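Visitor: what's the 3D shape of this:
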Amino acid sequence: MTAYVVMIREKMRDEDAFKDYAAGARAARGDHPITPLAFYGPHQVLEGAAAEGVVILSFPDMDAARAWYDSPAYAEARGHRYRAADYRVLMVEGV
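Guide: Reported below is the predicted structural model:
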């Protein structure tokens, strides 16, 4: 069943570190079956905390999403994201 990774940027803290994250995350895509559905486009928060940016990635299933998230290449990129900004990251299975 399709799975989605939802990344919600709450607050940018270091734009230079974010550039390093962006480059690392692009490289970490590798041959993982990722389909971007939303990528920092215009958004509206209807309820809850503010969001500076939202990314939604689609994967064939939870195992594929987890394989990408846990991959050594993305783990390295995540380190830059941790320094760059505050995020909420969720993985959810579709229906």
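Visitor: CA atoms for contacts and neighbours, from now on please.
Guide: OK.
Visitor: now what about stretch 20-29, what contacts it?
Guide: Residues from elsewhere that reach stretch 20-29 (C-alpha atoms under 8 Å, 6 or more residues apart in numbering): 68, 71, 73, 74, 76, 77, 78, 79, 80, 81, 84.
Visitor: most neighbours among those, which one is it?
Guide: residue 81 (25 neighbours; other C-alpha atoms under 10 Å).
Visitor: identify the residue nearest that one in space, chain neighbours excluded?
Guide: Nearest residue to residue 81 in three dimensions, chain neighbours excluded: residue 21, at 5.4 Å (C-alpha to C-alpha, 6 or more residues apart in numbering).
Visitor: repeat for residue 78
Guide: Residue 78 sits nearest to residue 21 (C-alpha to C-alpha, 6+ apart), 6.7 Å away.
Visitor: low pLDDT regions in the protein?
Guide: Along the chain, the model assigns pLDDT under 70 to no residue.
Visitor: all the helices of it, residue numbers only.
Guide: With DSSP state H, the ranges of helices along the chain come out as 15-28, 62-69, 72-84.
Visitor: mind listing what's buried along the first one?
Guide: Buried residues in helix 15-28, counted by 16 or more other C-alpha atoms under 10 Å: 17, 18, 20, 21, 22, 24, 25, 28.
Visitor: ok, now the shortest one?
Guide: Neighbour-count burial for helix 62-69, counted by 16+ other C-alpha under 10 Å, picks out 62, 64, 65, 68, 69.
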